[in-house]
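Engineer: Have a look at this prediction, sequence included:
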Amino acid sequence: MSNGRIVLVEDDKELRESLKEILELQNFTVTGFAGADMALASLQYNSDAIVISDIRMPTMDGITFLKHLQKLDSTLPVILISGHADIETALESVKLGAFDFVEKPLRPERLIGLAGKAAQHRALTLENRRLKQNKQRDITVDQLLIGQSDVMQKLKQRLITLANADINIVINGETGTGKEKIARTLHSQSSRKNRPFVAINCGAMPENLIESELFGHEAGSFTGANKKRIGKIEYASGGTLFLDEIESMPLTAQIRLLRVIQEGELERVGSNETVKVDLKVLSAAKGDLLALSQEGTFRQDLYYRLNVASLDIPPLRERKSDIPQLLGYFLYEAEKRLGEVAPTLTSIHFQQLMSHDWPGNVRELMNEADRIVLGISDLIFTNDADACHSLSHQLAQYEFSVLHHTLKMFHGHIANAAEYLDIPRKNLYLRMKKYGLNKESYLVDNLKDVE
């Protein structure tokens, strides 16, 4: 069992390999880098690693590296290696936030002892964060957003960071990727979660009514305004406002929205009184909002007010390994809604699903689940009998079946499944990748098993 993960940065190859060997003998998992820039790219907020780095290095020295790591994650333990001439610098680095430092010539027992303390400190920090996050959030991001692919893990991590930041965010994604789902998740994971979440599709609102809908109106302010109305923006105060298809908003409404964001106040249509509002504004567009602002069809000053940060949703074709888990969930929901039972899916069906490009993204996959339950899917129900009975397809179907049932038997535990099948874990992962199988699909109890 590993004592912890270490990112080791040392430009001297011989010393780096020597330190790596010493630490690995103490059951640390060590990844070595010749430069700080390469090491920095491998780390992220909530990394389960500690860092050991030399101070004197070309390109980026240890102190600069430390400052970058402080911005990334201020609690990440960093142990610096200092020469005799660097002692003063090393002491200063501790004031800057370094965990500690070791002097050259290195004493292995000193380095091992510090690494052990730093690893324990990191494990405790991450556990406290996890407990605090669970306390603050009723539902986790993993429960709200299905998928364990690398791109989805990065999206979830960035989403958690942005949810905790009270800033305006532009959500970018192709049609059908789930922009409103992401917006609702950002709200549910934020400190505003107990306040209103108001979603508005600007493209679905009549142009002559959009300002009244957004900003509200006073009685008699226009024909048909029989009584005072609180607008969507005012109703969302204290919570989150999501503006979808914001590029459809008329320029006059854009000007009024800009003032709301800048001043934190609005005027209802037909009123001279200002109303204070407190908003986190999330927005999305069908096209590239930056390009639209540069073309002059969307106000550039409003774009920069909205785009303090952005969140990019990957298309389904870039995370196909999530398809089995997503499909399992959608089939389960479709069966409940339609009152039908989905047919058994074979490896051939999965190969067809995995080879499809999904231009409609997750929404298309959701609709496909409905069609599968109803037995009308053109994608997987073919009449190509020769293909279905060829030797290669039958062998693939048998291999898929064995893998699926073994993973199901061991609840996605890779080591146990590989031992049972008498193959190396690496080979099991490669075969799972071939059929789009993901171990997380076998860990979530409330998802339907896909046969």
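Structural biologist: Received the coordinates, thanks.

Engineer: all contacts plus neighbour counts: C-alpha atoms, from now on.
Structural biologist: Fine.

Engineer: And residue 304, how close does it get to residue 375?
Structural biologist: In this structure, residue 304 and residue 375 are 48 Å apart, going by Cα to Cα, to the nearest Å.

Engineer: can you give me the strands in this protein?
Structural biologist: Using DSSP state E, the strands of the chain run over 4-9, 28-33, 49-54, 78-82, 100-103, 169-172, 197-201, 240-244, 265-267, 274-276, 280-284, 309-312.

Engineer: tell me the contacts of the closest residue to residue 39 other than its chain neighbours?
Structural biologist: Among residues not flanking residue 39 along the chain, residue 33 sits closest, at 5.9 Å (Cα to Cα, 6 or more residues apart in numbering). Residues in contact with residue 33 (Cα atoms under 8 Å, 6 or more residues apart in numbering) are 7-11, 39.

Engineer: and the gap between the closest residue to residue 93 other than its chain neighbours and residue 245?
Structural biologist: Using Cα to Cα, 6+ apart and skipping the chain neighbours, the partner closest in space to residue 93 is residue 63 (6.7 Å). Here the criterion is Cα to Cα. By it, residue 63 lies 45 Å from residue 245.

Engineer: Which residue of those two possesses the greater neighbour count?
Structural biologist: Legend: neighbour count by other Cα atoms under 10 Å for residue 63 and residue 245, higher for residue 63 (21 against 18).

Engineer: how close does that one sit to residue 44?
Structural biologist: 18 Å.

Engineer: now swap in residue 97 and tell me
Structural biologist: Going from residue 97 to residue 44 by Cα to Cα gives 17 Å.

Engineer: Likewise for residue 233?
Structural biologist: 35 Å.

Engineer: Tell me which of the two has more neighbours.
Structural biologist: The residue with more neighbours, out of residue 233 and residue 44, is residue 233; 26 against 15, by other Cα under 10 Å.

Engineer: Hmm, that one is touching residue 212, no?
Structural biologist: No - taking contacts as Cα atoms under 8 Å, residue 233 lies outside contact range of residue 212: 10.3 Å.

Engineer: Point out where the stretch 301-450 of the chain drops to low pLDDT.
Structural biologist: Flagging of the stretch 301-450 of the chain using pLDDT under 70 yields the residue ranges 346-347, 381-397, 436, 443-450.

Engineer: Show me the domain layout of this structure.
Structural biologist: The chain breaks down by automatic domain parsing into domains covering 4-134, 143-312, 318-442.

Engineer: if we can go back for a sec, I'd assumed residue 55 was in contact with the residue nearest to residue 93.
Structural biologist: Yes - counting by Cα under 8 Å, residue 63 touches residue 55, with 6.5 Å between them.

Engineer: in stretch 297-305, what counts as buried?
Structural biologist: Under the neighbour-count criterion of 16 or more other Cα atoms under 10 Å, stretch 297-305 has 298-300, 302-303, 305 buried.

Engineer: should've said stretch 179-198
Structural biologist: 179-180, 182-193, 197-198.

Engineer: What is the most widely separated pair among these?
Structural biologist: Greatest spacing in those, by Cα to Cα: 179 and 191 (20.2 Å).

Engineer: Contacts only, for residue 247.
Structural biologist: 202-203, 285-286, 289, 292, 297-298.

Engineer: can you redo the residues you listed as TSV with distance to residue 128?
Structural biologist: Converted to TSV, the contacts of residue 247 look like this (distance: Cα to Cα, whole Å):
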residue	distance to residue 128
202	41
203	44
285	37
286	40
289	39
292	44
297	47
298	44
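
Engineer: Filter those down to the ones in helices?
Structural biologist: With helices taken from DSSP state H, the overlap with the contacts of residue 247 comprises 289, 292.

Engineer: Looking at the contacts of residue 247, spot the one nearest residue 77.
Structural biologist: Nearest member of the contacts of residue 247 to residue 77, counting by Cα to Cα, is residue 289, at 39.6 Å.

Engineer: ok, that closest one - how many residues close by?
Structural biologist: Applying other Cα under 10 Å, we find 23 residues neighbouring residue 289.

Engineer: My read is that it contacts residue 304, right?
Structural biologist: No - if you go by Cα under 8 Å, residue 289 and residue 304 don't touch, sitting 10.2 Å apart.

Engineer: need the contact list for the residue lying closest to residue 326 once chain neighbours are set aside.
Structural biologist: Spatially, and ignoring its direct neighbours in sequence, residue 326 is nearest to residue 146 (6.3 Å; Cα to Cα, 6+ apart). Residue 146 makes contact with 322, 325-326, according to Cα under 8 Å, 6+ apart.

Engineer: Is it possible to get CSV of the residues you listed that adds distance to residue 126 and neighbour count?
Structural biologist: Below are the contacts of residue 146 laid out as CSV (distance: Cα to Cα, whole Å; neighbours: other Cα atoms under 10 Å):
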residue, distance to residue 126, neighbour count
322, 26, 23
325, 27, 24
326, 28, 22
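
Engineer: ok, the residue nearest to residue 217 when sequence neighbours are not counted to residue 231 distance?
Structural biologist: Counting by Cα to Cα, 6+ apart, residue 217 lies nearest to residue 269, which is 4.3 Å off, once chain neighbours are set aside. In this view, residue 269 and residue 231 are 9 Å apart by Cα to Cα.

Engineer: and if you look at residue 99?
Structural biologist: Distance from residue 99 to residue 231, counting by Cα to Cα: 52 Å.

Engineer: And for residue 33?
Structural biologist: For residue 33, the distance to residue 231 - Cα to Cα - is 56 Å.

Engineer: same check, this time on residue 34
Structural biologist: Counting by Cα to Cα - residue 34 and residue 231 are separated by 58 Å.

Engineer: Could you check the angle the helix ranked longest in the chain makes with strand 4-9?
Structural biologist: Counting by DSSP H, the longest helix found in the chain is helix 108-136. Using axes from the mean of the first three to the mean of the last three Cα atoms, to 10 degrees, the inter-axis angle of helix 108-136 relative to strand 4-9 is 120 degrees.
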